[in-house]
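**Q** Any chance you could fold what I've pasted below:
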Amino acid sequence: MALWRLPTIPTEAVLPSIPVTSALSVALTLVIAVTAANLFHQGYWQRVWAAQDDQSLGRGAWLGGAMTVVVVMVIGGLGVLAAMSGVSLGEPPMPFLPC
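**A** Residues are numbered from 1 along each chain as shown. Alright, predicted model coming up:
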């Protein structure tokens, strides 16, 4: 139902100010950490060696990567909508964990 009614941003809402250099360094650190952790994941290497051929491996990698981006964008967008709706998300905000 969140997609049918987009909430309006309250007039008193203030966006947090985050220094650009800090945000970029955090993003870069996250990308490096996740990439390094996934390089040692046995499940991924098992799929690499079990692939029928290089074309199948490449197609599967691109499809998996694209689907990951889509899912992250949808979940992130729903999180933004939840925050904009004005509903209390808890203190600190933990909408998926029991309080």
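
**Q** Show me the residue at the heart of the protein, geometrically.
**A** Centroid-nearest residue in the chain, with C-alpha atoms, centre = their mean: Val72, separated by 3.7 Å.

**Q** And that residue, what's its pLDDT?
**A** Looking at Val72, its pLDDT reads 92.

**Q** Ala51 versus that one, what's the distance?
**A** 24 Å (C-beta to C-beta, to the nearest Å). In short, each C-beta sits where N, CA and C put it, glycine included.

**Q** Outline the domain layout of the protein.
**A** 21-50, 54-86 (automatic domain parsing).

**Q** where does this protein have low pLDDT?
**A** 1-7, 15-16, 90-99 (pLDDT under 70).

**Q** and with 90 instead?
**A** 1-27, 35, 38-51, 60-61, 64, 76-99 (pLDDT under 90).

**Q** any idea which helix is longest in it?
**A** Criterion DSSP state H: the longest helix present in the chain is helix 54-84.

**Q** Pull the distance from it to the chain's centre.
**A** Taking C-alpha atoms, centre = their mean, to the nearest Å, one finds helix 54-84 lying 8 Å from the centre of the chain it belongs to.
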